[in-house]
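**Q** no sequence for this one, just the structure:
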């Protein structure tokens with residue numbers, strides 16, 4: 001089972017970010033991520049056994065009690081590895097970066113693949129090697145929301161793209177868990 005921890009993006013923010021994609025000029029057709037799949041990845045575990053998943057869930061429950069809710073501001077665009085060879089187009093995180101990095105580090109202690117320093121971002125598209133991109137240099141506000149929880153997703157790859165299923169929801173410190 002492929003799993004990962006992430007911060008879900010509120011639906012109103014998903015719509016605002018998706019609508020703003022028109023500002024991105026590409027010379028090749030990208031594979032746009034459906035707005036309902038927008039998320040901020042905290043820790044990608046990949047394939048794991050059910051027993052390992054249970055250990056990770058227990059660790060995540062403990063992590064959630066240590067991290068308070070925070071504000072996340074999404075604004076402007078960027079790409080990986082760079083704008084000359086954009087493979088991933090993303091919406092940048094302007095506020096909440098340190099909190100996201102801290103949450104990611106705490107979750108990685110629980111197991112799974114150890115990742116290099118996280119660059120908080122929200123993937124909006126993937127493109128082929130021949131693509132070039134023209135991005136606005138203005139840091140346009142795309143969305144602002146309170147991060148009061150994170151989730152554990154299962155990821156299923158299909159011919160039409162990834163399908164995500166919420167396995168567990170973790171309320172951050174001081175926030176009541178929803179059912």
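**A** Happy to help now that I have it. Just so we're clear, the structure is a prediction, and the values are computed from it rather than from any experiment.
**Q** what about this protein, any weak spots by pLDDT?
**A** 29, 110-116, 129-131, 136-139, 174-179 (pLDDT under 70).
**Q** Ramachandran coordinates for residue 146?
**A** Per-residue torsions, residue 146: phi -90, psi 130 (degrees, to the nearest 10).
**Q** Kindly state the beta-bridge partners for the residue most central in space within the chain.
**A** Closest residue to the average C-alpha location of the chain: residue 40 at 1.6 Å, with CA atoms, centre = their mean. In this entry, residue 40 is beta-bridged to residue 7, by DSSP bridges.
**Q** From residue 123, how far out is it?
**A** Distance of residue 40 to residue 123, given as CB to CB, to the nearest Å: 9 Å. In this view, the C-beta of every residue, glycine as well, is placed from N, C-alpha and C.
**Q** Just give me the neighbour total for residue 141.
**A** 13 (other CB atoms under 10 Å).
**Q** okay, now residue 8: neighbour count?
**A** 19.
**Q** That one contacts residue 151, doesn't it?
**A** Yes - Residue 8 lies in contact with residue 151 (CB atoms under 8 Å); the separation is 5.6 Å.
**Q** who are the neighbours in contact with residue 103?
**A** 7, 42, 63, 67, 150 (CB atoms under 8 Å, 6 or more residues apart in numbering).
**Q** Secondary structure, neighbour count and distance to residue 98 added to the residues you listed, as a markdown table?
**A** Output for the contacts of residue 103, formatted as a markdown table (DSSP: H, G, I helix; E, B strand; the rest coil; neighbours: other CB atoms under 10 Å; distance: CB to CB, whole Å):
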| residue | secondary structure | neighbour count | distance to residue 98 |
| --- | --- | --- | --- |
| 7 | strand | 24 | 14 |
| 42 | strand | 25 | 13 |
| 63 | helix | 24 | 16 |
| 67 | coil | 17 | 11 |
| 150 | strand | 27 | 15 |
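**Q** Relative to residue 75, which of those residues is nearest.
**A** residue 7 (16.1 Å; CB to CB).
**Q** just checking, the closest one touches residue 43?
**A** No - counting by CB under 8 Å, residue 7 stays clear of residue 43, with 11.1 Å between them.
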